[in-house]
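Q: predicted model follows, preceded by the sequence.
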Amino acid sequence: MHGYAINSYGMVNLNMDMSIDLDKWKCSICNGFIVVDPSKIQREDLVQFVYRRINNNDSFYFIYKVGLVVDRKEKFLIIKYKTRLYKVIDSNTYPISAPALIVYNMFWICGC
């Protein structure tokens, strides 16, 4: 079970009782957090991704979304969010089953 369902509108419904197993992401030797390997992200994974939106005054801002990976073409992921598809470089995505990025900033990263 992936912790999500696709509704009749093609949107991802997250299972809100999903939890992250932090122990799964800890190194058994140094106890540091293991960094996500973007090349391991595959079809049907839920990921957080970011894209830029440009305003009329040429300023831009970042928008974070959670979407479903529907295809992979080398380093590019095709991610479905609502009814749109986004082409995103895999290193600009993050599995929602992994600890939040702030965890890596607050604690240490595995160096093994």
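A: Sure, I can see it.

Q: correct me, but Y94 touches V36?
A: Yes. Y94 lies in contact with V36 (C-beta atoms under 8 Å); the separation is 6.3 Å. All C-beta spots, glycine's among them, are computed from the backbone N, C-alpha and C.

Q: quick one: the residue nearest to S97 when sequence neighbours are not counted and L68, what's the gap?
A: With sequence-adjacent residues excluded and distances taken as C-beta to C-beta, 6 or more residues apart in numbering, S97 is closest to I20, at 6.3 Å. Distance, I20 to L68, using C-beta to C-beta, to the nearest Å: 18 Å.

Q: double-check the residue nearest to S97 against V103; I have them as touching.
A: No. Here I20 does not reach V103: they are 9.1 Å apart, not a contact under C-beta under 8 Å.

Q: just list whatever residues bridge to the closest residue in space to F107 that isn't next to it in sequence.
A: Excluding the flanking residues, the one nearest F107 by C-beta to C-beta, 6+ apart is F33, at 6.0 Å. Per DSSP bridges, the residues bridged to F33 are K26, I109.

Q: and F33, how many neighbours does it have?
A: 19 (other C-beta atoms under 10 Å).

Q: the one 10 residues further on too?
A: Burial of R43, expressed as a neighbour count using other C-beta under 10 Å, amounts to 11.

Q: ok, the residue nearest to it when sequence neighbours are not counted - contacts?
A: Leaving aside its chain neighbours, R43 sits nearest to V69 (5.5 Å; criterion: C-beta to C-beta, 6+ apart). V69 makes contact with 41-47, 77-79, 93 under the criterion C-beta atoms under 8 Å, 6 or more residues apart in numbering.
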